[in-house]
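**Student:** Have a look; sequence and predicted model below, questions after that.
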Amino acid sequence: MPSSPTYRASSRRLGLTGSRRLWGCGPRPLRCSGGSQTARALSLCLALWCVLIGATAGATEPAAGPSAPSPSPETTFAEAVKIFKSGDAARALPLFLEIGDMTSSPNVQLYIGYCQVELGRNREAHRAFSLALKQSLDLGGTKYGTTREAARDELAKLNLRLANLTISLIERPANTVVRLDGEVVDSASLGSPLIVDPGLHQVKAEAEGRRTTVREISVDAGGSKTIALLLEEKIDQVTAPRTQPERDVAGRRDWRGSRLTMIGLVVSAVGVVGLGTFAAAGIRARSVYNRLQTECPNGCADASHRSDINDGTTFQTVANVGLALGIAGTLTGATLLYLGLADGGSAKPAVAVAPGLVKISYGGSF
């Protein structure tokens, strides 16, 4: 049966010639009129295009299968132990650390310590064995008895290879930061022994408004040392003492000089008295000696001159004592006078000497 002219023309414009075979229509052709037939053909074409695109996308996208379950900590631990016993501590350590973050098993910390020892990290190994010992003690019982003893044995060995260093602050200002070899030390650990490698270590302490203190200390293996730090205030932030009026300072200085000068005058007077005593006693002793020489040219041994001999001896002794006292007093007094006058004393001494009289006067303003 021939197709209608209208349908045939629409088919040619859309390129849909032979549409009965493409759409699977019956033996009879569709009979549509004008624009309605064209719109229906466009709709069918778009629907077919969407179906083809969906089928193509479904064919190219792979089907997502079920995700593989992650291994349990027990399985990971067994695998890590197997790797460690094969001699590969570097590859086993990350697995043990991963399990340690998820569990609180002393056995995991014990093997972390074993790995650290194999890698030459004694301080980290000491920390792991200490944690294994603590966890086993906290859990108690006999389940982790072997782990507990193994941790103790390893700690005893490491204590001979490592050293203890105690950092203490004489004064702990606010916001104090202490570093050991560049690493910040927890404030709670200050004053307690820290596990360090043997050798030379640098300790640095700093706080706001204080001078930074840096010290170096050497510790031997198996040894223990303590270092005390003092953070001094910065000079530009030290509160300056209150300055007193200049006249008060000068008055205080004058009073100090006046006291020294006064003492110097007294001591000098004692020295002058001593020299005067030496002169008087010496004259008397010389007089007795000359008289005895005149009366007894060959020496006086009789009892009548015994009293004169004793008097001469006494005068001689007094003269010697007066000489010593006079020299010491004069020198000491002169020194004190010099210091007193040099210290700013405004008072001036005056010495007047007259026959049979020595007069010392002292005057000034206070």
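**Tutor:** Looks like it came in fine. Numbers count the residues shown, from 1 in each chain.
**Student:** where are the low-confidence patches of this structure?
**Tutor:** The model of the chain has pLDDT under 70 over residues 1-68, 236-257, 260, 264, 298, 300-306, 337, 340-366.
**Student:** Determine the longest helix present in it.
**Tutor:** Counting by DSSP state H, the longest helix found in the chain is helix 246-295.
**Student:** what's downstream of that helix, the next helix or strand?
**Tutor:** Using DSSP states H and E, the next helix or strand after helix 246-295 towards the C-terminus is helix 306-342.
**Student:** List the buried residues for that next one?
**Tutor:** For helix 306-342, the buried set under the neighbour-count rule, 16 or more other Cβ atoms under 10 Å, comprises 308, 312, 315-316, 318-319, 322-323, 325-326, 329-330, 332-333, 336-337, 339-341. C-beta here means a position set from N, CA and C on the backbone, and glycine is covered the same way.
**Student:** same deal with stretch 123-143?
**Tutor:** Those would be Glu124, Ala125, His126, Arg127, Ala128, Phe129, Ser130, Leu131, Ala132, Leu133, Gln135, Ser136, for stretch 123-143 by 16+ other Cβ under 10 Å.
**Student:** Spell out which residues make up each domain of this structure.
**Tutor:** Following automatic domain parsing, the chain resolves into domains at 73-161, 163-236, 249-363.
**Student:** so which of the ones you listed is the most packed in?
**Tutor:** Mean neighbours per residue, mean count of other Cβ atoms under 10 Å, is largest over those for domain 73-161, with a mean of 17.
**Student:** That one: end-to-end distance?
**Tutor:** Taking Cα to Cα, to the nearest Å, domain 73-161 runs 33 Å from one end to the other.
**Student:** mind checking the backbone torsions on Asp220?
**Tutor:** Torsion angles at Asp220 (phi, psi; degrees, to the nearest 10) stand at phi -90, psi 160.
**Student:** That one is in contact with Pro198, isn't it?
**Tutor:** Yes. Taking contacts as Cβ atoms under 8 Å, Asp220 lies within contact range of Pro198: 5.6 Å.
**Student:** which residues are in contact with both of those two?
**Tutor:** Any residue near both Asp220 and Pro198 by Cβ atoms under 8 Å, 6 or more residues apart in numbering counts here, and that gives Ala163.
**Student:** OK, contacts around Glu154?
**Tutor:** Each residue near Glu154 by Cβ under 8 Å, 6+ apart is listed here: Gly113, Tyr114, Val117, Ala125, Phe129.
**Student:** what do you get if the cut-off is 6 Å, keeping everything else the same?
**Tutor:** Each residue near Glu154 by Cβ atoms under 6 Å, 6 or more residues apart in numbering is listed here: Phe129.
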